[in-house]
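Trainee: Return a 3D structure for these sequence lines:
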Amino acid sequence: MKVFYSSLLFIVLFLGIGFFSPEEFSAVTSQIFTLITNDWGWLYLVVVLGILIFVVYLAFSPFGKVRLGKDEDRPEYSNFSWFAMLFSAGMGIGLVFWGVAEPAFHFSSPPIGIEAYSLDAAAASFRYVFLHWGFHPWAVYAIVGLSLAYVTYRKDMPCLISSIVKPIMAEKPFKIAGGVIDTLALLITVFGVATSLGMGALQVAGGLSSLFNFSNTFLVQVVIILVITVMFLISATTGLNKGIRILSNSNIIIALSLLAFVFIFGPTAFIIKLFFNTLGGYLNSFLTLSLPLDPFVKDPWVGDWTIFYWAWWVSWGPFVGTFIARVSKGRTIKEFVLGVLIVPAGFCFIWFSVFGGTALYHEIFQNIDIVSAVSSDVAVGLFVTLANLPFGSLISLIAIVLITTFFVTSADSATFVLGMYSQNGKLNPDNWIKIVWGVTLSLMAILLLNSGGLEAMRNTSIMMALPFLLVLIVICVAIAKELNDEQKNKLSE
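Mentor: Residues are numbered from 1 along each chain as shown. Now for the predicted structure:
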């Protein structure tokens, strides 16, 4: 419980500073953001690419046959439920929030060297979207989830990030370092999830404002957060096999239905061509996109987008990785890696092609000004796009339901994981501790909205993710050692 109390104390102090001095809080986080992106941005790019290469190696190496559990264990959940849970926890709110907005932003404000509002900018926008939502982020989740599932189910250790690094540390240093690592994992989970919850509140408020014509104020956003807090706490306290699993399955069904509707009633042929053209360009330019490290051009775009995303995925790594580990007992490393990398990334590619492609088709070929709407309020891009399709109001209402359910599943999955961290890796944490963390997440989301909205969220995510980036490097070393040792022991028997 030391991790729980020390983390809670830090967060209470943080909340106090943010509530009583929101302007100073925003200014300090902005300065830290600038420092990190200018001087340490390269580290995010190099480490995340390295992690992707490493997990792919593990999948296709002899280690790929190793089971995340005992040799006789088999998966607890069907593939559909497994994909639904890891996707709902991993990217739900962000995907709906940025599905239209990010391609629109890249189209109007591309990296240096690409003309804004040009066809080159349109094509490049989707290549960057595929980069930001594709294999790289899911590799971060995969390495944490794989390593944690291995030590928990195969080595019978507590389901804690510190359990992964314990084999490569001496006993005395580990007593200190282990507690620091678990506290850091808990803290960045709170900050990372609170960022997405704040975005979810912005978009629900934006959608309701578009449909019912009322002002999208801070008070409205707070009310939405409070209402959804009650919903996700009810879900979280019903357990993993009821609330979270059922809601995750429902999310995927609603998301697929919405996706199919927009694909059918949107510019279908254009979407298909866009998908394959972008996929080819993304794969062909994979290394160039992954390492935009031009020393002669100081382009703030890279820090504002790619480095921000890598920091955001790193800040979600402990939470999503732990949750994926919790539901992945019995799968082989190869099955786990390919499942976590390919299926969710492929779904993200399709999602952006359908929603972002529909938006830019309307912008470029039908002179419907979606980009300006996104620029004035990033949260309404999806609803402006849906309004130009048949049954626009009804589909927008369904989209709000989807955002809300993603909001709930992300938050209740997070409270579940935070409860595990707080109770020494307990696989089914007590309800009271999930309630404490649920309320804390909501307060943190309100703080970030009050302290500068998306900018404060972006800055805080990057600030908290940097130290965990170093932990990820240690995790790669530790799991490589564990797998090598197991292989040597088998050969010597």
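Trainee: how about the helices in the stretch 201-350 of the chain?
Mentor: Using DSSP state H, counting those that start in this stretch, the helices of the stretch 201-350 of the chain run over 218-236, 245-265, 268-284, 286-290, 300-302, 308-326, 333-365.
Trainee: Any idea which of the ones you listed gets closest to G64?
Mentor: helix 333-365 (3.3 Å; Cβ to Cβ). C-betas here are computed from N, CA, C, even on glycine.
Trainee: Flag every buried residue along the closest one.
Mentor: Neighbour counts over helix 333-365 (16 or more other Cβ atoms under 10 Å) mark 333-341, 343-345, 347-364 as buried.
Trainee: quick check: angle from it to helix 268-284?
Mentor: Interaxial angle, helix 333-365 versus helix 268-284 (axes from the mean of the first three to the mean of the last three Cα atoms, to 10 degrees): 130 degrees.
Trainee: Now do helix 333-365 against helix 308-326, angle only.
Mentor: 140 degrees.
Trainee: what element comes up after helix 333-365 heading to the C-terminus?
Mentor: helix 370-376 (DSSP states H and E).
Trainee: can you list contacts of stretch 375-386?
Mentor: Stretch 375-386 has contacts (Cβ atoms under 8 Å, 6 or more residues apart in numbering) with 96-97, 99-101, 104-105, 108, 199, 202-203, 205-207, 209-211, 216, 262, 355, 358-359, 362, 370, 373-374, 392, 395-396, 399, 454.
Trainee: pretty sure K70 is in a strand, no?
Mentor: No. Going by DSSP: H, G, I helix; E, B strand; the rest coil, the assignment for K70 is coil, not a strand.
Trainee: that older thread, kindly present the helices of the stretch 201-350 of the chain as TSV, with separate columns for distance to W432 and mean pLDDT.
Mentor: Below are the helices of the stretch 201-350 of the chain laid out as TSV (distance: least, Cβ to Cβ, whole Å; pLDDT from 0 to 100):
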stretch	distance to W432	mean pLDDT
helix 218-236	11	84
helix 245-265	21	87
helix 268-284	46	97
helix 286-290	44	93
helix 300-302	44	87
helix 308-326	19	86
helix 333-365	31	94
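Trainee: got CSV for those, with distance to L382 too?
Mentor: CSV is the format used below for the helices of the stretch 201-350 of the chain (distance: least, Cβ to Cβ, whole Å):
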stretch, distance to L382
helix 218-236, 16
helix 245-265, 10
helix 268-284, 16
helix 286-290, 25
helix 300-302, 23
helix 308-326, 19
helix 333-365, 7
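Trainee: Just name the most buried of those.
Mentor: Across these, averaging neighbours per residue (mean count of other Cβ atoms under 10 Å) puts helix 308-326 on top, at a mean of 27.
Trainee: Next one: P110 relative to V340, how far apart?
Mentor: Counting by Cβ to Cβ, to the nearest Å, the gap from P110 to V340 is 30 Å.
Trainee: typed the wrong thing, it's L258
Mentor: Separation of L258 from V340 (Cβ to Cβ): 23 Å.
Trainee: mind listing what F130 touches?
Mentor: T278, L279, Y282, C348, F349, F352.
Trainee: Name the nearest residue to it, sequence neighbours excluded.
Mentor: Sequence neighbours aside, Y282 is the residue nearest to F130 in space, at 4.2 Å (criterion: Cβ to Cβ, 6 or more residues apart in numbering).
Trainee: how much space between that neighbour and K155?
Mentor: For Y282, the distance to K155 - Cβ to Cβ - is 37 Å.
Trainee: what does stretch 325-333 contact?
Mentor: Residues outside stretch 325-333 that contact it (Cβ under 8 Å, 6+ apart) are 58-59, 63-69, 73-77, 82, 85-86, 144-146, 148-150, 152-153, 159, 240, 336, 339, 416-417, 420, 427.
Trainee: does D120 really touch I114, like I thought?
Mentor: Yes. Taking Cβ atoms under 8 Å as the definition, D120 is a contact partner of I114 at 5.5 Å.
Trainee: Those two: which has the busier surroundings?
Mentor: Neighbour count, other Cβ atoms under 10 Å: between D120 and I114, I114 has more, with 17 against 13.
Trainee: Going by neighbour count, which residues of the helix or strand where L397 lies are buried?
Mentor: Following DSSP H and E, one finds L397 within helix 392-422. For helix 392-422, the neighbour count (16+ other Cβ under 10 Å) marks 392, 395-397, 399-422 as buried.
Trainee: What residues does D182 make contact with?
Mentor: Residues near D182 by Cβ under 8 Å, 6+ apart: V3, L160, I161, S162, Y421.
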